[in-house]
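Peer 1: fold the following for me, if possible:
(2 chains)
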Amino acid sequence: MQVLDFLVANFTAIVFYLVAALTVTGALGVITLRNPVHAALALLWTFLMVAVLFILRHAEFLAAVQVLVYAGGIMVLFLFVIMLVNLRRLQPEQIFLSAQAPVAVAAGVVLGALMAIALLVGVLAGAGGDPAALKTLDGELVGNTEAVGWELYRTYLVPFELVSVVLLVAMIAAIVYGRRDAALEGRGGRKEQ
Amino acid sequence: MITATHYVLLSLVLFCLGVIGVMVRRNFITVLMSLELIFNAVNLNLVAFSLRLGDLAGQVLAIFVITIAAAEAAIGLGLIIALVRLKDTVTLDQAREMGG
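Peer 2: Here you go, the predicted structure:
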């Protein structure tokens, strides 16, 4: 019974530490697994765990968007490109660590230590915050999705439209890069007609 | 009690793993995956502070970050296709016409 009481009392903390450990495991998999398909699956795992963290942080709509856009859209794009370039044919042995790896890891650790020091020196510690503020609209309690939607289309309408233009430009750029007869064909001009 | 500091520290770990991945990996596709890790770390930060400050702006900004990440992934993967077509490789070390 005592164990059960402890579990109930610290449920959020237990879930957080568990999911945080799984997130870091997934991220480690992304940067260490040799096979790009395995790395992509580790990335998918990381995306899903981050979505769980979003729910723990009372961002339910964002968690749904994370699963739909990242785990759905971007992952499919990655796997599609891996399939398209067919890595097994393209030098499978040379896709990993080079001589600069120790320097890169050291630089990353130093960067992390510096930011952790800055974080701990700062005054970030404090209470958990009020989840009700994230689902309130004009003093009325609605869902998180509705509150985010109103905020997005009322306060942030202009950035929203600008971002849609960015998406359009990205789409056009991707089409241009993917074109077979583009000027990217190399020195000899058009190799394949 | 889990505070925003816990989330920021986790986000820090994710960010640094992403940075290490960008520097260590030689495969263009996995470099882009590490970039996605960095985007996720930033989003985690935004969402953590959204609750801490009781302000929805953090979540809205995270939606914008996700949108930009999608655009970045589309362009980056288009670049991979162009690189494969040009040099028949996805290894970044072999794209060194500019002396990099």
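
Peer 1: from residue B:2, how far out is residue A:8?
Peer 2: Computed with Cβ to Cβ, to the nearest Å, the distance linking residue A:8 and residue B:2 is 15 Å. From N, CA and C alone the C-beta is placed, and that goes for glycine too.

Peer 1: and the helix or strand bottoming out on mean pLDDT in chain A, which strands flank it?
Peer 2: Every helix and strand of chain A was ranked by mean pLDDT, DSSP states H and E. The lowest is strand A:136-137, at a mean of 78. Within its sheet, strand A:136-137 is paired with strand A:140-141 (antiparallel), according to DSSP bridges.

Peer 1: can you point out the buried residues in the helix or strand that comes right after the partner strand?
Peer 2: Proceeding C-terminally, strand A:140-141 gives way to helix A:144-150 as the next helix or strand, assigned by DSSP states H and E. Burial within helix A:144-150, assessed by neighbour count using 16 or more other Cβ atoms under 10 Å in any protein chain shown, is assigned to A:144, A:147, A:148.

Peer 1: what's the domain layout of chain A?
Peer 2: A:1-88, A:131-182 (automatic domain parsing).

Peer 1: JSON lines for these, including distance to residue B:27?
Peer 2: Putting these into JSON lines (distance: least, Cβ to Cβ, whole Å) gives the following:
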{"stretch": "domain A:1-88", "distance to residue B:27": "6"}
{"stretch": "domain A:131-182", "distance to residue B:27": "18"}
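
Peer 1: deepest of these, which one?
Peer 2: With neighbours taken as mean count of other Cβ atoms under 10 Å in any protein chain shown, these reach their highest mean count in domain A:1-88, at a mean of 18.

Peer 1: between the domains of chain A, which one is nearest to residue A:113?
Peer 2: Shortest separation from residue A:113 across these is recorded for domain A:1-88, at 16.3 Å, computed as Cβ to Cβ.

Peer 1: which residues touch the most centrally placed residue in chain A?
Peer 2: Ranked by distance to the mean C-alpha position of chain A (Cα atoms, centre = their mean), the top residue is residue A:47 at 5.6 Å. The contact partners of residue A:47, taken as Cβ atoms under 8 Å, 6 or more residues apart in numbering or on different chains, are A:66, A:67, A:70, A:71, A:75, B:36, B:40.

Peer 1: just flag the most distant two among the residues you listed.
Peer 2: Between any two of the contacts of residue A:47, the greatest separation by Cβ to Cβ is 14.2 Å, found for A:67 and B:36.

Peer 1: helices along the chain, start to end?
Peer 2: The chain I'm using is chain A. Across chain A, reading from the start of the chain, the helices by DSSP state H fall at A:2-9, A:11-32, A:36-56, A:60-65, A:75-85, A:101-121, A:144-150, A:157-178.

Peer 1: chain B, not that one
Peer 2: Counting by DSSP H, one finds helices in chain B at the ranges B:4-24, B:28-53, B:57-87.

Peer 1: turn the helices of chain A into a markdown table, including mean pLDDT and distance to residue A:132.
Peer 2: Written out in a markdown table, the entries for these read as follows (pLDDT from 0 to 100; distance: least, Cβ to Cβ, whole Å):
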| stretch | mean pLDDT | distance to residue A:132 |
| --- | --- | --- |
| helix A:2-9 | 81 | 22 |
| helix A:11-32 | 91 | 16 |
| helix A:36-56 | 92 | 16 |
| helix A:60-65 | 92 | 14 |
| helix A:75-85 | 89 | 34 |
| helix A:101-121 | 81 | 27 |
| helix A:144-150 | 88 | 10 |
| helix A:157-178 | 91 | 25 |
